[in-house]
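J.: no sequence for this one, just the structure:
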């Protein structure tokens, strides 16, 4: 009888451990290590302008065992840096972002294509300039590890995608032959949501 009870207790404990391991985790994006880079055409191939959105907030949920997860990110449209102060002001104007009226872009997506616990795709919708359209992303690299300073798990990725800015009502330059496609390269790191403040920043 004691042996049966002990076996049952061990099975229950194993089941609880498995459930805990399989539970989805939430990661809060680290704004110091998460940036959206954008490449956009100038005069139909004359050159490529490259910029960076430096302010953002959001979270990612991840269930490695189930091969599932989601992304919820907001990007500050006033934080564009492109290496030209005059153009940075123009980007915020109603010719482009109209950042006073639409101060944030919002992306919500579903992680997919899991391989060995890591996602390879994000299928979702981008709300930009007051318009919501599907924009899918490719996960080029993905890694989770124990952060040496936070002492909590951190996950990071390199993500890429493209969208047509004219689809969102931002078509300035089209009459001059500008290509409307925008290429995104996104570096992202997220820390387990219950992480304490770090002892050192890196």
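T.: That came through fine. It should be emphasised that the depicted structure is a prediction, and the values quoted were computed from it without experimental measurement. Numbers count the residues shown, from 1 in each chain.
J.: so what's residue 91 closest to, chain neighbours aside?
T.: Closest residue to residue 91 apart from its sequence neighbours, by CB to CB, 6 or more residues apart in numbering: residue 80 at 4.9 Å. C-beta: built from backbone N, CA, C; applies to glycine.
J.: Equivalent analysis for residue 133, please.
T.: residue 167 (5.4 Å).
J.: wait, is that neighbour part of a strand?
T.: No - assessed by DSSP: H, G, I helix; E, B strand; the rest coil, residue 167 does not belong to a strand; its assignment is helix.
J.: Off-centre distance for the helix or strand in which residue 111 is found?
T.: Here residue 111 sits within strand 104-112, counting by DSSP states H and E. Remark: strand 104-112 is offset 7 Å from the chain centroid, using CA atoms, centre = their mean, to the nearest Å.
J.: What residues of it count as buried?
T.: 104-105, 107-109, 111 (16 or more other CB atoms under 10 Å).
J.: Could you give the bridge partners of residue 73?
T.: Per DSSP bridges, the residues bridged to residue 73 are residue 58, residue 107.
J.: Tell me where this structure has helices.
T.: 2-22, 85-92 (DSSP state H).
J.: ok, of the ones you listed, where does mean pLDDT dip lowest?
T.: Mean pLDDT per stretch puts helix 2-22 lowest among the helices of the chain, at a mean of 44.
J.: if we can go back for a sec, how close does the residue nearest to residue 133 sit to residue 41?
T.: Distance, residue 167 to residue 41, using CB to CB, to the nearest Å: 15 Å.
J.: ditto for residue 163
T.: Here the distance between residue 163 and residue 41 works out to 13 Å (CB to CB).
J.: The closest residue to residue 70 other than its chain neighbours: how many residues sit nearby?
T.: Closest residue to residue 70 in three dimensions, ignoring its sequence neighbours and counting by CB to CB, 6+ apart: residue 61, at 5.0 Å. Under the neighbour criterion other CB atoms under 10 Å, residue 61 is assigned a count of 16.
J.: So residue 61 is in contact with residue 26, correct?
T.: Yes - with contacts counted by CB atoms under 8 Å, residue 61 reaches residue 26, the gap being 5.1 Å.
J.: Good, we can wrap up now.
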